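> What would the 3D arrangement of this be:
(chains A, B, C and D)
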Protein chains: 2
Amino acid sequence: MMDTKTQTDLCPAPLVFAMIGGKWKLTILQILIFHGTKRFGELRREIDGITQTMLTKQLRALEDDGLVQRQIYAEVPPRVEYNATDDALALRPAFEAMHSWWVGRRAPSTSK
Amino acid sequence: MMDTKTQTDLCPAPLVFAMIGGKWKLTILQILIFHGTKRFGELRREIDGITQTMLTKQLRALEDDGLVQRQIYAEVPPRVEYNATDDALALRPAFEAMHSWWVGRRAPSTSK
DNA sequence: CGGTATCCACCATGATACTG
DNA sequence: CAGTATCATGGTGGATACCG
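Predicted coordinates:
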């Protein structure tokens, strides 16, 4: 027998998803985690299809959850850089686990 | 330098989330993966707050994605059992990675 | 350049009632 | 017991316009 605890106890994945489950959050995190610091404009250009509004929203949400750090430079023209926090970097195993699962699954694309 | 591939190439997490990102899907999967086969009513009772409608919908979606298998017994009263497929069972490392991250993170609950 | 302020559309969630 | 059908709603996502 495994346990009789609540699901959240054993599986906080719903909570994790609440933090990184936005439409663009994973993409943003992936870039910042695996590619390092990026400026706002760089992110916007690298994430195809995202609007400024959404990029800002998702970045703010990630910042609020302590996954992204914002660095503002008082220059002209303005420069703002984003980078993954240690918390975010610690997500790499989770990313890799999902990656492995995705590529290793037996039903990648059925005839359907 | 790490790579110049697209995000999806390196990180299919958005696709993974599309499959298991529903509000209850993870909880359902967790139960079926770690506790084995369950009847419809059992799931409903074990997942606090879920309605029949939602349970059915999420189960159907999981079934469509090959993560859950449905077994119908032609009995009276009717009995329907659900169990995780091999694909779903292969998600365990991902679950565990998220679990480790959650419990190991440095900002579990700030003073805020 | 890097935002914020509005407003809107859609879809996932869910409440409720009925059924084989 | 295990659903389906229907309808309501709220939050996420997004288009657009303006600002420091």
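
> Point out the residues in chain A that sit beside chain B.
A:2, A:7, A:10-17, A:21, A:23, A:26-27, A:30-31, A:34-35, A:46-47, A:66, A:86-87, A:90-91, A:93-107 (Cβ under 8 Å from any Cβ of the partner chain). Every C-beta, even on glycine, is put in place using the N, C-alpha and C of the backbone.

> Show me those residues that map onto helices.
Judged by DSSP state H, helices contain the following of the residues of chain A next to chain B: A:7, A:10, A:13-17, A:26-27, A:30-31, A:34-35, A:46, A:86-87, A:93-104.

> ok, how many other residues are close to the residue lying closest to A:M54 once chain neighbours are set aside?
Once flanking residues are discounted, A:M54 sits nearest to A:W24: 6.1 Å by Cβ to Cβ, 6 or more residues apart in numbering or on different chains. Other residues near A:W24 come to 21 when the count uses other Cβ atoms under 10 Å in any protein chain shown.

> Pull the distance from stretch A:57-75 to the chain's centre.
12 Å (Cα atoms, centre = their mean, to the nearest Å).

> is DNA strand C contacted by that stretch?
Yes: shown here: stretch A:57-75 in contact with DNA strand C (Cβ under 7 Å from any atom of the strand) through A:L59, A:R60, A:R70, A:I72.

> Which helix or which strand is home to the second one?
In this structure, A:R60 is located in helix A:52-64 according to DSSP states H and E.

> same question, the last one
For A:I72, the element it lies in under DSSP H and E is strand A:68-73.

> neighbouring strands for that strand, and are they parallel or not?
strand A:79-84 (antiparallel) (DSSP bridges).

> most neighbours, which of the residues of stretch A:57-75 next to DNA strand C?
Counting neighbours by other Cβ under 10 Å, A:L59 leads those with 21 neighbours.

> so it touches A:L67, yeah?
No: A:L59 is beyond contact range of A:L67, at 9.8 Å (criterion: Cβ atoms under 8 Å).

> who in chain A is up against DNA strand D?
Contact residues, chain A versus DNA strand D (Cβ under 7 Å from any atom of the strand): A:G21, A:G22, A:K23, A:W24, A:G49, A:I50, A:T51, A:Q52, A:T53, A:M54, A:Q58, A:P78.

> Could you verify that the fifth one is part of a helix?
No: going by DSSP: H, G, I helix; E, B strand; the rest coil, the assignment for A:G49 is coil, not a helix.

> per-residue confidence for it?
Per-residue pLDDT puts A:G49 at 94.

> What's the local residue count around A:A74?
If we define neighbours as other Cβ under 10 Å, then A:A74 has 6 of them.

> Next up, the contacts around A:G21.
With contact set as Cβ atoms under 8 Å, 6 or more residues apart in numbering or on different chains, A:G21 has these partners: B:F17, B:G21.
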